[in-house]
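Undergrad: the sequence isn't on hand, but the structure is:
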């Protein structure tokens, strides 16, 4: 219990801080190709988990896409600013709630695709209930995947948190969302927990 409280305090201490570093896109993980319409434009895209690592030699991690306006291919390297989703825009907060609640359990191809669809629906429409056939974001995914996506979307108002990796500068790469890592991994991804806590302790 003590460790949980300490970690919660550490998260709170850095929730308004951001860290800039490079990431490398390694390829796709669990998921599948789906048809989508975004702002009137039809596309076939991969919906699911993406594999990244901190460049050049940092830890690897998985994400879901948080930016349908930019495409990336394997080997792409670009800068991201990392911050917690609960201090982001309303859309990022909603998507972060979904990721925080369900990312670690969405591991099959259908589940990972459904999680991604729920995240895109939150980012581009964000209504209290999803509509995958109307609005800015639509999909022709199978009914079973949309049913799973609807279940994930139900977490939109459940207070949660995720790590938001915003491509910096905007448009230089594809922004991502991922589950908040364990404390040691969080520090190695660039948020510098130990350093920030140490600085705060000195000021106290």
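TA: In hand now; what should we look at? All of these numbers come straight from a predicted model, not from anything done at the bench. Residues are numbered from 1 along each chain as shown.
Undergrad: could you use CA atoms for every contact and neighbour count after this?
TA: Fine.
Undergrad: ok, the spatially most central residue of the chain - contacts?
TA: Relative to the mean C-alpha position of the chain, the nearest C-alpha, by CA atoms, centre = their mean, is the one of residue 177, at 1.1 Å. Residues in contact with residue 177 (CA atoms under 8 Å, 6 or more residues apart in numbering) are 63-66, 96, 99, 162-165.
Undergrad: one more: residue 115?
TA: Shown in contact with residue 115 (CA under 8 Å, 6+ apart): 48, 98-99, 102-103, 106, 148-149, 152.
Undergrad: wasn't residue 153 part of a helix?
TA: Yes: counting by DSSP: H, G, I helix; E, B strand; the rest coil, residue 153 is found in a helix.
Undergrad: residues contacting it?
TA: Under the criterion of CA under 8 Å, 6+ apart, the contact partners of residue 153 comprise 98, 118-119, 122, 129-130.
Undergrad: show me which of the residues you listed is closest to residue 56.
TA: The shortest distance between residue 56 and any of those, using CA to CA, involves residue 119 and amounts to 28.2 Å.
Undergrad: surely that closest one is in contact with residue 66?
TA: Yes: the pair residue 119 and residue 66 passes the contact test of CA atoms under 8 Å, sitting 7.4 Å apart.
Undergrad: related to what we said a few turns ago, in JSON lines, list the contacts of residue 153 along with distance to residue 141 and secondary structure.
TA: Below are those laid out as JSON lines (distance: CA to CA, whole Å; DSSP: H, G, I helix; E, B strand; the rest coil):
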{"residue": "98", "distance to residue 141": "19", "secondary structure": "helix"}
{"residue": "118", "distance to residue 141": "12", "secondary structure": "helix"}
{"residue": "119", "distance to residue 141": "14", "secondary structure": "helix"}
{"residue": "122", "distance to residue 141": "16", "secondary structure": "helix"}
{"residue": "129", "distance to residue 141": "17", "secondary structure": "coil"}
{"residue": "130", "distance to residue 141": "14", "secondary structure": "coil"}
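Undergrad: now a ChimeraX select for only the buried ones of those residues.
TA: What follows is the ChimeraX syntax for the buried subset of those, where burial is set by 16 or more other CA atoms under 10 Å:
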select :98,118,119,122,130
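Undergrad: of the contacts of residue 153, which is the nearest to residue 73?
TA: Ranked by distance to residue 73 (CA to CA), the contacts of residue 153 are led by residue 119 at 20.5 Å.
Undergrad: okay, that closest one: pLDDT?
TA: Note on residue 119: pLDDT of 98.
Undergrad: from residue 125, how far off is it?
TA: For residue 119, the distance to residue 125 (CA to CA, to the nearest Å) stands at 10 Å.
Undergrad: how about the residue nearest to residue 40 when sequence neighbours are not counted, what does it touch?
TA: Distances taken as CA to CA, 6 or more residues apart in numbering put residue 136 closest to residue 40, at 7.2 Å, once the chain neighbours are dropped. By CA under 8 Å, 6+ apart, the residues touching residue 136 are 37-40, 124-125.
Undergrad: hmm, 10 Å instead?
TA: For residue 136, the contacting residues are 37-41, 120-121, 123-126, taking CA atoms under 10 Å, 6 or more residues apart in numbering as the criterion.
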